[in-house]
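S.K.: got a sequence here, can you build the structure:
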Amino acid sequence: MLRKSIYKTPAQMRLMIEPGLATAASLAAARQTLLVGATTLQVDAAAEAAIVALGGQPNFKLEPGYSHTVCASVNEDVVHGIPNDRPLEPGDLVSIDSGAIIGGWNGDAAFSVVLPDPARPELVAERQKLSDVTEGSLWAGIARLATARYLNEVGDAVQGYVEKHGDYGILTDYVGHGIGRSMHEAPPVFNYRVRPKGPEVKPGLVVAIEPMVVLGSIDTHTKDDDWTVATDDGLASAHWEHSVAVHKDGIWVLTAEDGGAKGLAPFGVTPTPLA
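M.R.: Prediction:
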């Protein structure tokens, strides 16, 4: 039996531009809806409307047993949180993960936001730094992908960035992944250093890089809903993600409207559009 290649053709990568932009639009709509007093069900509806308006479908709804457009994880919830009707409170750290499918091709991305709380500036500052470090580690990983020979160099860059900016934990039970016809494909994309080099980084590689960073212990458990993953110690977590294509002229962040230009600028990397 022939082994399926992890590398896409230029034409296939071009087909991933639309679902990537629809994913970005869904997260932009979610961000506008994330206000104190709003519910994650409202955020979910806004994200779905944005995807449908661009001719796509929410690919999370294609996961067996899941019926929402986004995963909404609040505070100690790390990933896979189910949207609900609890009003969001001041100081909440909310991670939104979303994805779109158009023409059989997928996008997947996530961001975190801390809601304002004038009464608890120290808590907000602590959580904002956690989110900022997680986001920075994502861009450090994407920047490394631009020059890497092997995929697992990404995890070295992510971990190095996190270690440089504080005493945080990087989840090891959950990692990034390849993406294409399926939302989750080979190869795994580690957010931490591992001994194997991983597959070669060359044109056609498309991966979702998604560091999950916590204030305390990396130990987690799955809640009774069989989806939500939460920290055992109840401390907050942040999650950032982008889908990135490697092509003959460089890299392009499919789930960022500017291809990743703003996020990559501090690392001296300029993304190149897919031809």
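
S.K.: how about stretch 167-176: buried residues?
M.R.: 168-171, 174-176 (16 or more other Cβ atoms under 10 Å). Any C-beta I mention is one placed from the backbone N, CA and C, and that applies to glycine too.

S.K.: ignore the last one, stretch 77-94
M.R.: Buried residues in stretch 77-94 (16+ other Cβ under 10 Å): 77-83, 88, 91-94.

S.K.: what residue is smack in the middle of the protein?
M.R.: Nearest residue to the geometric centre of the chain (Cα atoms, centre = their mean): residue 241, 1.8 Å.

S.K.: ok, it - contacts?
M.R.: 97, 108-111, 138, 176, 208-211, 255 (Cβ atoms under 8 Å, 6 or more residues apart in numbering).

S.K.: follow-up on the earlier one: now the buried residues of stretch 77-94 in a markdown table, with pLDDT and secondary structure?
M.R.: Formatted as a markdown table, the buried residues of stretch 77-94 follow (pLDDT from 0 to 100; DSSP: H, G, I helix; E, B strand; the rest coil):
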| residue | pLDDT | secondary structure |
| --- | --- | --- |
| 77 | 98 | strand |
| 78 | 97 | strand |
| 79 | 97 | strand |
| 80 | 97 | coil |
| 81 | 97 | coil |
| 82 | 98 | coil |
| 83 | 98 | coil |
| 88 | 98 | coil |
| 91 | 98 | coil |
| 92 | 98 | coil |
| 93 | 98 | strand |
| 94 | 98 | strand |
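
S.K.: residue ranges with poor pLDDT in this protein?
M.R.: Applying pLDDT under 70 to the chain flags residues 1-3.

S.K.: all set now, cheers.
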